[in-house]
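Asker: need a 3D model of the following:
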Amino acid sequence: MNDGQVRICQRCHERPAEVHFSKVVNGEKSDRYLCEQCAREEGAFHFVLGPQFSMQHVLGGLIGQAGFPGNRGTAADALRCPTCGYSYREFAETGRLGCDRCYEAFQAELNPLILRLHGRAQHRGKVPARSGKELYARRELERLREQMADAVKREAFEEAAQIRDKIRQLEGGSADAPRV
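Answerer: Numbers count the residues shown, from 1 in each chain. As a prediction, this is how the structure comes out:
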């Protein structure tokens with residue numbers, strides 16, 4: 001344990017607790033300290049222990065939580081990828097998709113999982129230097145549009161007009177040309 005205390009397993013009350021779980025439900029936090037053996041026996045927490053750790057177990061754990069599509073008996077159970085025939089239920093059980101088209105077929109169900117894991121649904125990682133010019137330009141346009149909206153909200157209209165002109169230049173139009 002991080003606090004220097006040697007805790008005893010809250011289940012068997014015999015062995016030292018080596019696994020710490022924190023759970024927050026409706027704003028209330030509860031901590032549980034278990035020895036490795038008891039944690040394995042309970043099964044509900046096996047995805048975080050040693051060699052059993054895998055992304056499939058993490059995804060399966062998230063899907064199994066209330067509010068996420070894929071809980072047994074939901075409409076997501078019946079979804080199938082039209083390309084490979086893989087079902088959303090199979091994804092929920094294995095944590096793996098059947099093909100690249102599954103991302104589109106299960107988009108509505110995958111978005112909450114992706115948001116939970118990454119904090120956003122759009123990729124914001126590294127960009128290949130050779131082929132990244134278009135993505136850099138798109139990101140710059142997004143950034144400028146956000147700045148322009150902020151300037152308008154603050155009623156800084158001259159600043160907003162300058163940003164608008166930069167956007168037009170990036171889009172390939174002249175800053176002086178009227179917009180239709």
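
Asker: residue 15: neighbouring residues, count only.
Answerer: Number of residues near residue 15 (other C-beta atoms under 10 Å) recorded here: 14. Yep, even glycine has a C-beta here, placed from its N, CA and C like the rest.

Asker: from what I see, it and residue 9 are in contact.
Answerer: Yes. At 5.1 Å, residue 15 and residue 9 qualify as touching, with contact defined as C-beta atoms under 8 Å.

Asker: now for these two: what residues contact both?
Answerer: Taking C-beta atoms under 8 Å, 6 or more residues apart in numbering as the contact rule, the neighbours common to residue 15 and residue 9 are 35, 38.

Asker: which helix or strand lies directly C-terminal to the lowest-mean-pLDDT helix or strand in the chain?
Answerer: The weakest-scoring helix or strand in the chain, judged by mean pLDDT, DSSP states H and E, is helix 55-63 (a mean of 58). Sequence order places helix 88-94 as the next helix or strand after helix 55-63, per DSSP states H and E.

Asker: that next one packs against which elements?
Answerer: Packed against helix 88-94, as judged by 3 or more C-beta pairs under 8 Å, 6 or more residues apart in numbering; DSSP states H and E, are the following elements: helix 55-63.

Asker: how about the secondary structure of residue 168?
Answerer: Secondary structure for residue 168, judged by DSSP: H, G, I helix; E, B strand; the rest coil, is helix.
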